[in-house]
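# Turn this into a structure:
(2 chains)
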Amino acid sequence: LAKTTQPISMDSYEGQEVNITCSHNNIATNDYITWYQQFPSQGPRFIIQGYKTKVTNEVASLFIPADRKSSTLSLPRVSLSDTAVYYCLVGLYNQGGKLIFGQGTELSVKP
Amino acid sequence: EAGVTQFPSHSVIEKGQTVTLRCDPISGHDNLYWYRRVMGKEIKFLLHFVKESKQDESGMPNNRFLAERTGGTYSTLKVQPAELEDSGVYFCASNLIGTPGPGNEQFFGPGTRLTVL
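Purely as a prediction, here's the structure:
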């Protein structure tokens, strides 16, 4: 199971772009990279998933280099409402679909 | 479309009592998962249902925990008897596709906060 490492916390200001990098050195060939977001007192919420190169949706972008040993979640022009914990998950599918959460990155957006 | 719902939102019980948590997944989702976060720790997987069958219950902490999903719709998680260390937030999630690839994101409920005194 690929272990992930991401910063425990990050601070940002409204309007800035935030990049959260996750390391997953022993990612397996079949592993996807998935990010979830969790607001206080809520369950985690899927943000984005990718396998290689770049994926973009209405919420974020996910950059994955060729070696896939890391990935970067990019949040454009954050607002106060983006304050949350962001989880990087890798290696889900050899585990039968269950999600293996790490400690996540606590992002604090300030005015 | 309604999301995943959980009941109750909060429960406070005495050690030794029994508590039953309920999860209603998104309609049509065959896969249902239970997770929990104990204070200060990471969210941990408990078990996975595919319809009414237990696909993976490797995360269930001990035999005081019993999960059911009769009829393959809603699920219940019963803790009997509850211990202090069972306090935490219990999340339920569901998805349509439990296999690798796009479209298999899990939809989480708001959680049930359990406090055992």
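# Leaving out chain neighbours, which residue sits closest to the closest residue to chain B within chain A?
In chain A, the residue that lies nearest chain B is residue A:43 (2.8 Å; Cβ to the nearest Cβ). Where C-beta positions appear, they are placed from N, C-alpha and C, glycine not excepted. Distance criterion Cβ to Cβ, 6 or more residues apart in numbering or on different chains; nearest residue to residue A:43, sequence neighbours excluded, is residue B:108 at 2.8 Å.
# which bits of chain B sit near chain A?
Residues of chain B found near chain A (Cβ under 8 Å from any Cβ of the partner chain) are B:4, B:31, B:33, B:35, B:42-45, B:48, B:55-56, B:59, B:91-93, B:95, B:98-102, B:104-111.
# what's near enough to touch residue A:14?
Residues counted as contacts of residue A:14 (Cβ atoms under 8 Å, 6 or more residues apart in numbering or on different chains) are A:78-80, A:109-111.
# quick one: terminal-to-terminal distance for stretch B:24-44?
Using Cα to Cα, to the nearest Å, the span of stretch B:24-44 from its first residue to its last is 20 Å.
# Next, the buried residues of it.
B:24-26, B:29-38, B:43-44 (16 or more other Cβ atoms under 10 Å in any protein chain shown).
# Repeat that for stretch A:66-85.
For stretch A:66-85, the neighbour count (16+ other Cβ under 10 Å) marks A:68, A:70-71, A:73-75, A:78, A:82-85 as buried.
# Which ones among the contacts of residue A:14 lie within strands?
Within these, residues falling in strands by DSSP state E are A:109-110.
# ok, and of the contacts of residue A:14, which contact chain B?
Applying Cβ under 8 Å from any Cβ to the contacts of residue A:14, none is adjacent to chain B.
# Nearest to residue A:36 among the contacts of residue A:14?
Taking Cβ to Cβ as the measure, residue A:36 lies nearest residue A:78 of the contacts of residue A:14, at 16.8 Å.
# End to end on stretch B:93-109, go ahead and measure it.
Using Cα to Cα, the two ends of stretch B:93-109 sit 6 Å apart.
# Check whether residue B:85 sits in a helix, strand or coil.
Here residue B:85 is recorded as helix under DSSP: H, G, I helix; E, B strand; the rest coil.
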